[in-house]
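[1] this one's sequence-less:
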DNA sequence: GGAATCATGTGAT
DNA sequence: ATCACATGATTCC
């Protein structure tokens, strides 16, 4: 794996298998979605990126499992509604019975989660040691944070923004100790982004650090399967507070373990993507990437 | 239809 | 107390 800071100088290097793809992919997604009205052609996009159309097509498809055109379709309102809508099956509801600290097959990663006690939360990380590291990932630079009990934080940024990203994550537990330790975080990362290794024998351990309300919301998110989505009000209903959809939005936005706790699968009732803490483009990218893995 | 407006729960200050 | 929200429904043009 290449360190994030090395990448920018080396857009042409094709030695790094997946991480650098995202640089191109991100820009393609941005263009496609920014002026999607005009449906810009592959040629014009490639031209703006100083790449050949076939190169762009190839990189994009390798990354997403979907051609740029199919990708665009996968993130339209239409498709989003399909992710939300059909069959009105329970989707949520089931897994909350598992309760705290219960192991279960949640999400598509095999995840066990436990929550910090309210006391531990009030301490704002006092006495807690977090090891962290920056890595390349399919969605840009990833900041991983772990405790002895499991994965505690996962954030994203573009190359060059590492310090902002770190401040964002570290600020959530002001009294915790932070130690840079890439060897501790790396195995976690490779496992998370390799769907082939999901559902393995060893569950991925995850530690939810937040208020009671937030943890209920995050648990609810964990039960959304890949390739499906729910609305903020669905979640509100699921946790027994049907009028709290807005509060749910706020809690979803504070999710410290993005992607693993699939907050990108929460959409507005209309199917609009509404927002994403690490940038809407990344939310689109995750949704489209998953569409490629599931289809 | 689309803009403006309200009711709303939570968490930070 | 007050305020900002990754919402959603209603009410006006």
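    Received, thanks. Only a predicted model underlies this, so the values are computations on that prediction, with no experimental measurement involved. Numbers count the residues shown, from 1 in each chain, chains lettered A, B, ... in the order given.
[2] tell me where the model's unsure across the stretch 1-150 of chain A.
    Residue ranges of the stretch 1-150 of chain A with pLDDT under 70: A:1-19, A:35-39, A:86-108.
[3] ranges for the helices of it?
    Using DSSP state H, counting those that start in this stretch, the helices found in the stretch 1-150 of chain A span residues A:4-7, A:21-34, A:42-49, A:53-64, A:68-74, A:77-84, A:118-122.
[4] residue A:236: which of these is closest?
    Of all the helices of the stretch 1-150 of chain A, helix A:77-84 sits nearest to residue A:236, with 14.5 Å by CB to CB. Backbone N, C-alpha and C define where each C-beta goes, glycine included.
[5] list the buried residues in the closest one.
    For helix A:77-84, the neighbour count (16 or more other CB atoms under 10 Å) marks A:79-81, A:83-84 as buried.
[6] again with stretch A:213-227
    For stretch A:213-227, by 16+ other CB under 10 Å, it's A:214-224.
[7] so residue A:156 is in which element?
    Per DSSP states H and E, residue A:156 falls inside strand A:150-157.
[8] and residue A:205, by the same measure?
    Going by DSSP H and E, residue A:205 is part of strand A:204-208.
[9] gap between the residue of the stretch 151-295 of chain A found nearest DNA strand C and residue A:183?
    Relative to DNA strand C, the nearest point of the stretch 151-295 of chain A is residue A:275 (2.2 Å; CB to the nearest atom of the strand). From residue A:275 across to residue A:183, the span is 34 Å (CB to CB, to the nearest Å).
[10] between those two, which has more neighbouring residues?
    More neighbours surround residue A:275 than the other of residue A:275 and residue A:183, with 13 against 8 (other CB atoms under 10 Å).
[11] ok, so of the buried residues of helix A:77-84, who is nearest DNA strand C?
    residue A:84 (9.8 Å).
[12] leaving out the residues flanking it, which one is nearest to the closest one?
    In space, and not counting its chain neighbours, residue A:84 is closest to residue A:229: 5.3 Å by CB to CB, 6 or more residues apart in numbering.
[13] and the closest residue in space to residue A:126 that isn't next to it in sequence, how many neighbours?
    Leaving out its chain neighbours, the residue that sits closest to residue A:126 by CB to CB, 6+ apart is residue A:175, at 4.2 Å. The number of residues packed near residue A:175 is 10, by other CB under 10 Å.
[14] again, but for the one 10 residues further on
    Other residues within reach of residue A:185, judged by other CB under 10 Å, total 23.
[15] quick check: which element contains it?
    Following DSSP H and E, one finds residue A:185 within helix A:182-192.
[16] now that helix, how far from the chain's geometric center?
    Distance of helix A:182-192 from its chain centroid, counting by CA atoms, centre = their mean, to the nearest Å, is 15 Å.
[17] hmm, back to that, distance to DNA strand C added to the buried residues of helix A:77-84, as CSV?
    Below are these laid out as CSV (distance: CB to the nearest atom of the strand, whole Å):
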residue, distance to DNA strand C
A:79, 17
A:80, 12
A:81, 12
A:83, 14
A:84, 10
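[18] possible to save those as TSV with distance to residue A:157?
    Output for these, formatted as TSV (distance: CB to CB, whole Å):
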residue	distance to residue A:157
A:79	27
A:80	25
A:81	30
A:83	26
A:84	29
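[19] closest to residue A:191 out of these?
    Of the buried residues of helix A:77-84, the one sitting nearest to residue A:191 (CB to CB) turns out to be residue A:83, at 25.4 Å.
[20] now residue A:57. Nearest residue, chain neighbours left out?
    Leaving aside its sequence neighbours, residue A:57 sits nearest to residue A:42 (CB to CB, 6+ apart; 6.2 Å).
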